[in-house]
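any chance you can model this:
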Amino acid sequence: MALDPSYLEYPHRQRGYDHDFFEWSCLHTRPPVKWPDGTSVAVWLCVSLEWFPIVPAGPFKAPGHMQTAYPDYRHYTARDYGNRVGVWRMLDAFAAAGVKASFATNAAIAERYPELVAAVIEGGHEIIAHSTDMNGTIDSSLTREAESALIGEAMARIEAASGVRPTGWLSIARQQSWHTADLLKEHGLTYTCDWVNDELPYALKNGLINLPLNHELSDRQIITVQQKSADSWAESLCDAFDWLAAEAAAQGGAGRMLPVHLTPYIMGLPYRISALEGWLRGISQRPESWFATGEEIIAHWHKQEQQDG
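From the prediction side, this is the model:
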C-alpha cells in the first residue's frame, strides 16, 4: 500500500528540530559565557526530594515508583529512607564542602517533612518545584486546564508549607506536554530543568529559560540502571569535570556547566555516601569550579545574555 503523501507533511519541520519552542544553535557558535572569579565549570547539584504514593496513578509510573503488588511496602519504605536518613547525610556533605545545591521538592515533601525543608533553606540551598508528588505527572492526555491546575497546586502548596515560592521547575520524569512551557511561564516560573539537550542555559521563545539537567551522570542512571559502583559514579563525574575544564581552557575560558542529579535513597546509603563526600572535597578545591544553585546560574547567565543581546 502506497504511503499517503500527507504523512510526510509536517508544519514544523525545519533546521535542527521539528518544533518552534526555541531558536536552534550549537554551543560553539554562541558568545562565550564567563562564570564568577575566573572559574570555568559551574557545578550544579540538584537533589530530588520525592514522595511516592503507595499506589501509582496516571498513564505511566514515574522512575523509582512502586513495582510489586500493592501495598508495596518494600519500595515505599526504601524511598522514604531517602527523606528520613539519606538526605541528611547529603546536607552534612554539602556543609562540609562549603557548597550549595538545589532541591527539587514535591509539594507533599514540603508538607510532610517541614523540618527537612527548613534545614534545606537554612543551609542556603534552593527549593525547585517538583510537582505535587510522584503521581503528579504531566502528559498530553491532560487538558490545558488540568495541567495548569496541577502546576498551580504544586506551587501554592510548596509556598504555603515552606514560605518560599520557587522560580525553577522540574517535571516528574522531565515529562512535558505541548502546553507546559507556556503554563510554567504563566505561573511565574523563571526556568525549567526538563530538556537535556545542552550544557548551558538557553532561552525559549516565550521567555522561559531551560537549565539542562542531563540524566546521564545521575546516580540513578549510573548506579541503578547501569549497575555500577558509587566509586565508578564519582570517577565518571571527575572525568566529566576534567573534560569540561579542559574544553573551557581551550576556548579561552568559555564557561561550561556540570549538572549532577542526586537521589537521597540511592546515594545517601552508608556504603555510597563517602563517594559523594570525597568527590565534593576534590572538586570544590579545584580552581575551575563554581558550585552554584540553579537560580544563581540562571541569574549570572541571563545578565550576560542581556549584555550580549
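
how much space separates the closest residue to Pro53 other than its chain neighbours from Ala62?
Nearest residue to Pro53 in three dimensions, chain neighbours excluded: Asn135, at 5.1 Å (C-beta to C-beta, 6 or more residues apart in numbering). Every C-beta, even on glycine, is put in place using the N, C-alpha and C of the backbone. Distance, Asn135 to Ala62, by C-beta to C-beta, to the nearest Å: 7 Å.

same deal with Leu276?
23 Å.

looking at the two, which one has more neighbours?
Set Leu276 next to Ala62 and count neighbours by other C-beta atoms under 10 Å: Leu276 wins out with 24 against 20.

what would the helix or strand hosting Ala108 look like as CSV? C-alpha coordinates only.
Assigned by DSSP states H and E, Ala108 belongs to helix 107-112. Provided in CSV are the C-alpha atoms of helix 107-112 (Å, rounded to 0.1, in the frame of the first residue of the first chain):
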residue,chain,number,x,y,z
ALA,A,107,4.7,19.7,47.5
ALA,A,108,3.9,16.6,49.6
ILE,A,109,7.5,16.7,50.9
ALA,A,110,7.2,20.3,51.9
GLU,A,111,4.1,19.4,53.9
ARG,A,112,5.1,16.1,55.4
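
packing partners for it?
Helix 107-112 is packed against helix 114-122, helix 144-162, with contacts defined by 3 or more C-beta pairs under 8 Å, 6 or more residues apart in numbering; DSSP states H and E.

could you give the number of residues near the closest residue to Glu153 other than its chain neighbours?
Nearest residue to Glu153, sequence neighbours excluded (C-beta to C-beta, 6+ apart): Thr132, at 5.8 Å. The local packing of Thr132 (other C-beta under 10 Å) involves 22 other residues.

surely Thr132 meets Met155?
No - Thr132 lies out of contact with Met155 (C-beta atoms under 8 Å); the separation is 9.8 Å.

before we move on, the earlier item: against Ser171, how distant is the residue nearest to Glu153?
The gap separating Thr132 from Ser171 is 12 Å, by C-beta to C-beta.

good, we can wrap up now.
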